[in-house]
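>>> please work out how this folds:
(chains A, B, C, D, E and F)
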4 protein chains.
Amino acid sequence: MSPRNVEKDLLQREQRIHHILDSALETIAVKGIGSVSINDIAAAAGMSIGNMYHYFKSKNEIISEILRRGQTGYGDHVTRIAEQECTALEKLFMLAESWLALENSWAYTILIHTSRLSDASSEEVRKAVTERFTNNLGPVAAVMKQGQQEGLIVSGDPLELAYYFVSLIQGLTLQKMPGAEVPIPARASSIVALFTAKKDH
Amino acid sequence: MSPRNVEKDLLQREQRIHHILDSALETIAVKGIGSVSINDIAAAAGMSIGNMYHYFKSKNEIISEILRRGQTGYGDHVTRIAEQECTALEKLFMLAESWLALENSWAYTILIHTSRLSDASSEEVRKAVTERFTNNLGPVAAVMKQGQQEGLIVSGDPLELAYYFVSLIQGLTLQKMPGAEVPIPARASSIVALFTAKKDH
Amino acid sequence: MSPRNVEKDLLQREQRIHHILDSALETIAVKGIGSVSINDIAAAAGMSIGNMYHYFKSKNEIISEILRRGQTGYGDHVTRIAEQECTALEKLFMLAESWLALENSWAYTILIHTSRLSDASSEEVRKAVTERFTNNLGPVAAVMKQGQQEGLIVSGDPLELAYYFVSLIQGLTLQKMPGAEVPIPARASSIVALFTAKKDH
Amino acid sequence: MSPRNVEKDLLQREQRIHHILDSALETIAVKGIGSVSINDIAAAAGMSIGNMYHYFKSKNEIISEILRRGQTGYGDHVTRIAEQECTALEKLFMLAESWLALENSWAYTILIHTSRLSDASSEEVRKAVTERFTNNLGPVAAVMKQGQQEGLIVSGDPLELAYYFVSLIQGLTLQKMPGAEVPIPARASSIVALFTAKKDH
DNA sequence: CATGAATGAGGTTTCATTCAT
DNA sequence: GATGAATGAAACCTCATTCAT
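Residues are numbered from 1 along each chain as shown, chains lettered A, B, ... in the order given. Predicted structure coming up:
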């Protein structure tokens, strides 16, 4: 029936979607999550306004899809690090380092938090975001537990420590928003040091 | 007409302004900084739309005034704690405890961060917010330095430690947004523990 | 609190609403129910687009309010005629005559019918329209019954006769749409004649 | 390539066109003539949007073609009945019965009336619709005249009676729209009775 | 022939701000 | 001071139509 290459069509579609989401993240970074318009996002992607709606049902869907992909990707990343064969401190360092080095991390963080506000997005989206956030704590908590068994990490509930670790990094991440940088460096080694069990005098 | 009346009028005016700003904080928190309308703010304050303009020049002025008062008040609070006569650890505990106990802290934090985004507010506001944030680090850094001299706090650049301390608390604060709570407690004692120099062994 | 005349405000508001609905009916008459825009309605009322939303929540509300007022008013009219003291034939004549003479009757009829279509309006509106239509048959049926007792009207179920009577008038009404008139007159006396019991011969 | 294929292609094309128009009628009926989209029509026909334009020049062409075929077909039907060899009453009965039994009659009727509204379709279409409607009255008027000569039908201008007869049936037809049915039956025999000359007494 | 991506104009609705009362 | 009507720009989203594949 169709003289078109269905497989290629689907591939192209996925590439477009990826492209839109990528540009959208940067655009939201510049405009701010509550003020960005479909017009902005379309312009950033180099597409017409109307065409956005061939790929996404609504502006909200774009934002929630960015969140879904971002959080899922981050979860995979964290899990991969947690499963490596090295000390807990090395893993914590890698986690902190990779997140702080990420160009767009502040954008993801601000998206995660503002999207959880009641009217900014649907109940569904908010729940999903929080759930994924909580799930992503799991691997970090596992690293904390491993470190405690190795005697390398301070004592305390591993999940609680993971919670602090991630909150600290997110808090620092937010200070990196463009045009508003605080002139103080955030170093992975210093962060890890806070969670290191000190045996020296 | 009489001086007494002028004085009373001014007092009433200040009370109204205070009332508006108070209600607005919660409303902006719920609606999102980029989506809140003057209508929402007026409804929250129980006033008419038009009447808002007797007290504020614009919607942006309301937001920037909330931020100014909030950050200034927080700065005074931090300074007062830093100047008390007690150990650095006790001061850190008081700082963490008071901020975590504050009902609206998450709202202030989200406001601070979203207001710094490029188009959400004017260049002027963004600069002021960042400047006040940086200034408020000073007293915390002083506490860190005091603690290091007392041998109670981990080594490192005091300003950097203060930066981490505040970022951690802000990060935790964001998890307390209504309807999106992560089921993990944030305890002041645990936070302080991370910054405590451990002499065991 | 309010230095404005609340009573006068409310009266003015009702007058505006009435004015909008009046102009809207005519406009829908010209543009067609599915193609009329808020812009058209606002222009017809001599108001700005945005101001329409001070009086109505949506375009649909305007249409359903026109229907509600129109059908209710018609129901009152029919009831008033049915309760008069005269023969059934005279009542039928008055009903036919008044409806055929009404300038806007075709607009009401087309609104009633198109609004009942599934997607043109909400389930709620459709139900209300049909219910009011059915209710308005009651007084007409009463007239039919009276006429049968008087021996003036043809035999048959009074409600069914009322149904035919109203359907016939509505069908004729539709032929009166502007620019599409069929060059045949619709006369009340001829209509009544169809329902008259003939005793001649 | 061969003449046979061309012939077959044309036949298939006509079948497709017929299929599209058939599905479109129901869809336009449900969505409303001013709100139906090419997308809706394409989906109803189970075809792609773009492909519609191989069969029709525009959305308006689809609508006007439905009307043309529907009214022409109805005209032929009426003419056929009028030319049969039986009494006028039997013919009237057949006319009423066949139209009331038609599943889609209400859709045709609503289409006829809404398409006559000024902006819903072109001046050309509106004129054609009204002209065909008037023409279709001819055979019915002929039946009325025949009936009067037979002494079976009430006196009056035959064309006017035909006009009433068709208007009544159209009015009843509109009450049959899906989801909005009035719980009163429309019976061909009762309708014919209204136009029957009664000789009793 | 068949498909669906692409466009841009236009539709509905919201909103900050002004102003008469 | 207090109110809410009024405006018009701009937001989101839809859609008829075209076109490359």
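>>> what's downstream of the longest helix along chain A, the next helix or strand?
As assigned by DSSP state H, the longest helix anywhere in chain A is helix A:123-150. Scanning forward in sequence from helix A:123-150 by DSSP states H and E, the next helix or strand is helix A:158-174.
>>> check whether the next helix or strand after that following helix contacts chain B.
Per DSSP H and E, the first helix or strand lying C-terminal to helix A:158-174 is helix A:188-195. Yes - under the criterion of Cβ under 8 Å from any Cβ of the partner chain, chain B is reached by helix A:188-195 at A:S190, A:I191, A:A193, A:L194, A:F195. C-beta here means a position set from N, CA and C on the backbone, and glycine is covered the same way.
>>> same deal with stretch A:34-45?
Yes - Stretch A:34-45 lies within reach of chain B by Cβ under 8 Å from any Cβ, at A:G34, A:S35.
>>> buried stuff in that stretch?
Buried residues in stretch A:34-45, counted by 16 or more other Cβ atoms under 10 Å in any protein chain shown: A:G34, A:S35, A:V36, A:I38, A:D40, A:I41, A:A42, A:A44, A:A45.
>>> and if you look at stretch A:44-53?
Within stretch A:44-53, the residues scored as buried using 16+ other Cβ under 10 Å are A:A44, A:A45, A:M47, A:M52.
>>> okay, and which of the residues you listed map to helices?
Using DSSP H, the buried residues of stretch A:44-53 in helices are A:A44, A:A45, A:M52.
>>> what sits against A:Y163?
Counting by Cβ atoms under 8 Å, 6 or more residues apart in numbering or on different chains, A:Y163 touches A:L137, B:L172, B:Q175, B:V182, B:I184, B:A186.
>>> OK, contacts around the fourth one?
Applying Cβ under 8 Å, 6+ apart to B:V182 gives the contacts A:T130, A:F133, A:T134, A:L137, A:Y163, B:Q175.
>>> thought the second one was touching A:Q71?
Yep, that's A:F133 we're talking about. Yes - assessed by Cβ atoms under 8 Å, A:F133 is found in contact with A:Q71 at 7.0 Å.
>>> got any residues that touch both of the two?
Here A:F133 and A:Q71 share the contacting residues A:I112, scored by Cβ under 8 Å, 6+ apart.
>>> what pLDDT is listed against the residue of chain A found nearest DNA strand E?
In chain A, the residue that lies nearest DNA strand E is A:G50 (1.8 Å; Cβ to the nearest atom of the strand). pLDDT for A:G50: 94.
>>> distance of it relative to chain C?
Noted for A:G50: a distance of 19 Å to chain C, by Cβ to the nearest Cβ, to the nearest Å.
>>> the helix or strand hosting that residue and chain D in contact?
Element membership for A:G50 (DSSP H and E) is helix A:49-55. No - against chain D, helix A:49-55 shows no contacts by Cβ under 8 Å from any Cβ, the least distance being 11.5 Å.
>>> got the contact list for A:F56?
For A:F56, the contacting residues are A:I17, A:I20, A:I62, A:E65, by Cβ under 8 Å, 6+ apart.
>>> pretty sure A:I33 is in a helix, no?
No - according to DSSP: H, G, I helix; E, B strand; the rest coil, A:I33 belongs to no helix; its state is coil.
>>> surely it meets A:I112?
No - using Cβ under 8 Å, A:I33 is not in contact with A:I112, being 10.2 Å away.
>>> counting neighbours, go ahead and name the busier of those two.
A:I33 (24 against 20; other Cβ atoms under 10 Å in any protein chain shown).
>>> skip the chain neighbours and tell me the closest residue to that one.
A:T114 (4.7 Å; Cβ to Cβ, 6 or more residues apart in numbering or on different chains).
>>> same deal with A:Y55?
Nearest in space to A:Y55, with sequence neighbours left out and distances taken as Cβ to Cβ, 6+ apart, is A:I17 at 5.3 Å.
>>> so that neighbour is in which element?
Here A:I17 is assigned to helix A:6-31, by DSSP H and E.
>>> ok now that helix, how far from the chain's centre?
Remark: helix A:6-31 is offset 17 Å from the chain centroid, using Cα atoms, centre = their mean, to the nearest Å.
>>> tell me what that helix is packed against?
Applying 3 or more Cβ pairs under 8 Å, 6 or more residues apart in numbering or on different chains; DSSP states H and E, we find helix A:6-31 packed against helix A:38-45, helix A:49-55, helix A:59-82, helix A:105-115.
>>> does it reach DNA strand E?
Yes - using Cβ under 7 Å from any atom of the strand, helix A:6-31 reaches DNA strand E at A:D9, A:R13, A:R16.
>>> dump those residues into TSV; add pLDDT, neighbour count and distance to C:L95 as well.
Formatted as TSV, the residues of helix A:6-31 next to DNA strand E follow (pLDDT from 0 to 100; neighbours: other Cβ atoms under 10 Å in any protein chain shown; distance: Cβ to Cβ, whole Å):
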residue	pLDDT	neighbour count	distance to C:L95
A:D9	80	11	62
A:R13	91	12	61
A:R16	93	15	63
